[in-house]
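Participant: generate coordinates for the sequence data below:
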Amino acid sequence: MTKDPGLAPRYSFAPEATPSPELVERVAAGLADVRDRIRAAGGEPEHVRIIAVTKGFGARAVAAALLAGARDIGENYADELLGKLEATGNPACRWHYLGSIQRNKVPKLAPHVHYWHGVARVLEAEAIIRRNPDAKLLVEVDTTGQPGRGGCPSDQVAELVTELTTQRGWQVEGLMTVAPPGDAELARAAFATVARLRQELGLRELSMGMSGDLEEAVAAGATMVRVGTALLGARPSRRRLQQ
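Facilitator: Numbers count the residues shown, from 1 in each chain. Reported below is the predicted structural model:
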């Protein structure tokens, strides 16, 4: 569910994080459009969590997303997340860490991150759970096999999930993947593979689909989509959104 009555939308932003009304309106319009796209793809917006990805934008982007009604914020870099957390006054929202997990960054992130989307090894999960036993883990699935891509190879996912859950006793919420770029057919095949794995493993969440391929992801059964461009436009070269 995307709505959580326990998260009251009360915010206290630092001056440098206060967004313009125009930015808030732009993000609100983007959220409405994403919900329409989810419906058109056969999904139900109330059952597909929209994660507003603010990577590369300043703290104003986070504040604008919250004021526009988003309750889930995604970040790829530890330093960005921590800086935006401070500037926005530690708001009552869910933080999603989407990047590769560096264990030396986990101690600072663990008290704040609700969902970890990039778990690919037992050691990463162990570092997270040691500092936050309630953290929600999603195993990242590499469906491309390309060098430099993060994630666990799809044929090793079941073994990893079994070790984390059965042998270690930790809760794995679901799976996450990034589809190959630029080809809808390849994206559909990747999403179908991960959806099948999720069903076989009996997991709850399926984090897949971004601004350019969310329709394919929703059609395959995504429960979370990660959107940045659809809300904020093209990512600026500087890591601060000027308004």
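Participant: which ones are touching the residue nearest to Tyr77 when sequence neighbours are not counted?
Facilitator: Nearest non-adjacent residue to Tyr77, counting by CB to CB, 6 or more residues apart in numbering: Gly99, 6.0 Å away. Backbone N, C-alpha and C define where each C-beta goes, glycine included. Applying CB atoms under 8 Å, 6 or more residues apart in numbering to Gly99 gives the contacts Glu75, Asn76, Tyr77, Ala78, Gly118.
Participant: please identify the helix or strand for Gly99.
Facilitator: Applying DSSP states H and E as the criterion places Gly99 outside every helix and strand.
Participant: now the end-to-end length of stretch 92-102.
Facilitator: 25 Å (CA to CA, to the nearest Å).
Participant: same thing with stretch 135-153?
Facilitator: 23 Å.
Participant: show me where the chain has helices.
Facilitator: 21-40, 59-67, 78-87, 106-109, 122-131, 157-162, 184-201, 214-220, 229-232 (DSSP state H).
Participant: highest mean neighbour count out of the ones you listed?
Facilitator: Mean neighbours per residue, mean count of other CB atoms under 10 Å, is largest over those for helix 59-67, with a mean of 27.
Participant: which residues touch that one?
Facilitator: 9, 11, 13-14, 16-20, 23-24, 26-27, 52, 54, 73, 83-84, 87-88, 91, 93, 231-232, 241, 243.
Participant: neighbour-wise, which one of the contacts of Gly99 leads?
Facilitator: Highest neighbour count within these: Glu75, with 25 neighbours (other CB atoms under 10 Å).
Participant: among the helices of the chain, which is nearest Val48?
Facilitator: helix 21-40 (5.2 Å; CB to CB).
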